[in-house]
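J.: I need the structure of the sequence given here:
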Amino acid sequence: MSNIARMMQRATAGAAGGAGLDVDNVFSTFLYEGTSSSLTINNGIDLSGEGGLTWIKARNFGSSNHALFDTARGGGSYLQSNETSAQETPVSAPLTFNSNGFTINTQADSWNGTYYSNTYTSWTFRKAKKFFDVVTYTGNGSAQTISHNLGTTVGWLLIKRTDTTGSWFNYHHGFSKSGNPQGAILNETGAAFTANASLWNLTYPTSTHFTVGDNNSVNASGGTYVAYLFAHNDSGDGGFGPDGDQDIIKCGSYTGNTSGDLEINVGFEPQWVLIKNASASRNWQIVDIMRGFGNEATSSFLAPSSSAAENANLANIAHLTSTGFKLDQASGQDFNENSNTFIYMAIRRGPLAAPEDATKVFDVFAGNDSSYKIPTGFVTDLVIGANRSGSDKFIGSRLTGRKAMRTNTTQAEGSGLPFPTDAWQYNDGVKPGFFAASTAAYWLWKRAPSYFDVVAYTGNGTARTISHNLGAVPEMIWIKKRANTDGSGTGQWCVYHSGLGGGKVIQLNNFASFSTSDYFPSTQSSSDTFSIGTQHQVNGNGSPMIAYLFATVAGVSKVGSYTGNGTGQNIDCGFSSGARFVLIKKTSGTGDWIVHDSVRGIVSGNDGFLELNTTNAENSNFDVVDPYASGFAVTTFNDWNEDGHSYIFYAIA
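T.: Reported below is the predicted structural model:
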């Protein structure tokens, strides 16, 4: 399918509120700081046109209630998930819903204060078939059915009385389907219970309606109610993505164990997960990638049933995988209590479509990062940085959190390179905080299909395949052992490149040529997996590993190779306005990993270049790379274009 056809399909689907939409069209986690004055949040979600729900919680101080605003009731009223109270309706409407997010109009500690240097998370759910719907209704005191537009299996149903007090009753797809429907209460920690006829009228919800009995909390005569309905996608029936065949939300259950290391396969990599121990009196918990859900030692959780501040120090609880999430601590009873049943709702990480504009997924920054974040304009997933005056080069990713590694050494992560605690907690950039000098240089990536992906996995010492979400065959893979758990050393940065082929490896942290090995087997990769051998540097038994995967997207990125001619040549990458970033490595002899970018100079004269494998300062004494509209040009210098020698490269438009 062509890019134009995909755009037309998405436009048509957007009008219909269903198939063809991307995750980023219907869901957002957006973090912000309170201002105590009008504040507009541009999260890309059309709330004024399509409708939906925005859920806000203060992160850094307690005794602040959750605040839920929806378009069915309007931005003038809000509900609190941790309280039974009726909806609050201030004199001035707190929220205005916009076509690309919302505006906070008023000051309040629960959504826009400054007294505590307030920080907030907002979760926005747009109305869309097979994802989310919001419905209001009036009770009649006897069993009734309520229509909705979810158009698929109801994964999670929340009902709250709005005119007076009442608990948040909910039904979840992960509850047992044996016998009468079960229920639970969001504003309490209690276990799930078998509902009597007064709650769901002994009737399961369908794709078009749900049924309530005569319980005052769901159907008192004359009472007013709001219902939030979240979908459950299963095995490709979600209707999202460029071809309308992707799942983006899943509601299910799992059984806790005694050993930890419990992996939950939901069929995609999530960005947001809600978990509840349904067998015991435990907290509801929410974790998301913006606040620290990844593969670091600690994760940050918020409890919908509590006004407490974010718990940012829960160690070894939940880690992401390429197909779901893993629970690592058996004693964490909110997440993994032996033999107990847990329910969850997981929302997929986006985007689902390959990028069409390189500026939306890559940026270059040169300057001083010591006092402010690097403003990329997109959620940053990877940063590589250097001090142009000379120092180690470092690399870090959102998935691995507050620990970085050096590209020029074999050291483990976090060896003198901790990120600030808030480094990754921005929607439009990152704050590495490493170089106070004005000569810092950074290259920044966003994960996107067919373009770039990150995979964290644990080695097992056995040749195998590893799942990924690149959605294309990886053409370049960087792998590094993050810690020496297996006792074999931390090892080299191991690189696979399609210009070398399978069965060969080259090392990012030195200038050596490639070598033949079983690090990357001859039968290398697919659009779903990549292959690794038994070597400890890519698969040390029990050691945490990180893999960065790169591929070619027409007009956006190019992974390729060329043969030097000694006289100068143009390298065609299929771009229209030249390359903004170029990485080059000689492979038939020794040569550094050389980085050029358009901010520091891809010009007709001398060019500033840095080397990822050294501590050398930037060198601007030579004219080695020139502009070329379809890619870049190399001149006569040996490390770029020695006659008869082979080179690999990676370029971004």
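
J.: Poorly predicted segments of the protein, please.
T.: Confidence mapping of the chain against pLDDT under 70 gives the ranges 1-19, 329-331, 369-371, 436.

J.: got the contact list for the residue of it most remote from its centre?
T.: In terms of distance from the mean C-alpha position of the chain, Thr567 ranks first, at 44.7 Å (Cα atoms, centre = their mean). The contact partners of Thr567, taken as Cβ atoms under 8 Å, 6 or more residues apart in numbering, are 636, 641, 643. To be clear about C-beta, it is placed using only N, CA and C from the backbone, and glycine gets the same treatment.

J.: Check which helices and strands the host helix or strand of Tyr442 sits against.
T.: Counting by DSSP states H and E, the element that carries Tyr442 is strand 440-445. When contacts are defined as 3 or more Cβ pairs under 8 Å, 6 or more residues apart in numbering; DSSP states H and E, strand 440-445 sits against strand 362-367, strand 382-387, strand 594-597.

J.: Can you lay out these as TSV showing mean neighbour count and distance to Ser620?
T.: Supplementary listing: those in TSV, determined by neighbours: other Cβ atoms under 10 Å; distance: least, Cβ to Cβ, whole Å:
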stretch	mean neighbour count	distance to Ser620
strand 362-367	21	13
strand 382-387	24	14
strand 594-597	24	11
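
J.: which stretch among those strands comes nearest Thr189?
T.: Set against Thr189 and scored by Cβ to Cβ, the helices and strands packed on strand 440-445 come closest in strand 382-387, at 38.1 Å.

J.: In space, what's closest to Gly385 - neighbours in sequence excluded?
T.: If you skip the residues right next to it in sequence, Gly385 has Tyr442 as its closest partner in space, 4.7 Å away by Cβ to Cβ, 6 or more residues apart in numbering.

J.: Quickly note the distance from Thr35 to Phe210.
T.: Applying Cβ to Cβ, to the nearest Å, one obtains 39 Å for the distance of Thr35 from Phe210.

J.: which of the two has more neighbours?
T.: Neighbours per residue, other Cβ atoms under 10 Å: of Thr35 and Phe210, the larger number sits with Phe210, 25 against 13.

J.: Contacts only, for that one.
T.: By Cβ under 8 Å, 6+ apart, the contact set of Phe210 is 145-146, 148, 154, 157, 171, 200, 227, 229.

J.: Out of the helices and strands packed on strand 440-445, which gets nearest to Thr255?
T.: With distances scored as Cβ to Cβ, the stretch of the helices and strands packed on strand 440-445 nearest to Thr255 is strand 382-387 (35.4 Å).

J.: In contact with Ala309: list those residues for me.
T.: Applying Cβ under 8 Å, 6+ apart, we find Ala309 in contact with 58-62, 64.

J.: Revised request: answer the last question for Ala653.
T.: For Ala653, the contacting residues are 358, 555-557, 573, 575-580, taking Cβ under 8 Å, 6+ apart as the criterion.

J.: Tabulate those residues in CSV, adding columns for neighbour count, secondary structure and distance to Gln411.
T.: Compiled in CSV, the contacts of Ala653 are given as follows (neighbours: other Cβ atoms under 10 Å; DSSP: H, G, I helix; E, B strand; the rest coil; distance: Cβ to Cβ, whole Å):
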residue, neighbour count, secondary structure, distance to Gln411
Ala358, 20, helix, 31
Gly555, 17, coil, 37
Val556, 26, coil, 32
Ser557, 29, strand, 29
Cys573, 26, coil, 33
Phe575, 22, coil, 35
Ser576, 8, coil, 40
Ser577, 12, coil, 38
Gly578, 19, coil, 35
Ala579, 28, coil, 31
Arg580, 21, coil, 30
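
J.: Save those residues as JSON lines, and put in distance to Asp328 too.
T.: As requested, these are exported to JSON lines (distance: Cβ to Cβ, whole Å):
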{"residue": "Ala358", "distance to Asp328": "37"}
{"residue": "Gly555", "distance to Asp328": "41"}
{"residue": "Val556", "distance to Asp328": "36"}
{"residue": "Ser557", "distance to Asp328": "34"}
{"residue": "Cys573", "distance to Asp328": "42"}
{"residue": "Phe575", "distance to Asp328": "43"}
{"residue": "Ser576", "distance to Asp328": "46"}
{"residue": "Ser577", "distance to Asp328": "46"}
{"residue": "Gly578", "distance to Asp328": "46"}
{"residue": "Ala579", "distance to Asp328": "41"}
{"residue": "Arg580", "distance to Asp328": "39"}
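
J.: of all those, which comes closest to Tyr115?
T.: Proximity of the contacts of Ala653 to Tyr115, judged by Cβ to Cβ, is greatest for Ala358, which lies at 42.0 Å.

J.: Distance of that closest one relative to Val553?
T.: Distance from Ala358 to Val553, counting by Cβ to Cβ: 8 Å.

J.: before we move on, the earlier item: what kind of secondary structure is the residue farthest from the centre of the chain in?
T.: The three-state label given to Thr567 by DSSP: H, G, I helix; E, B strand; the rest coil is coil.

J.: all numbers from here: first residue = 187
T.: Got it, first residue is 187 now, which makes that one Thr753.

J.: So what's the residue count around the residue nearest to Gly571?
T.: 25.

J.: just the one 10 residues further on next, same as before
T.: Residues within reach of Phe638, counting by other Cβ under 10 Å, total 25.

J.: What residues are bridge-paired with it?
T.: The residues paired with Phe638 through beta bridges, assigned by DSSP bridges, are Ala634, Phe736.

J.: so which of the contacts of Ala495 is the most crowded?
T.: Ranked by neighbour count (other Cβ under 10 Å), the contacts of Ala495 have Ala244 at the top, with 27 neighbours.

J.: ok, now how distant is the closest residue to that residue other than its chain neighbours from Trp309?
T.: Closest residue to Ala244 apart from its sequence neighbours, by Cβ to Cβ, 6+ apart: Ser250 at 3.9 Å. Distance check for Ser250 against Trp309: by Cβ to Cβ, it reads 15 Å.
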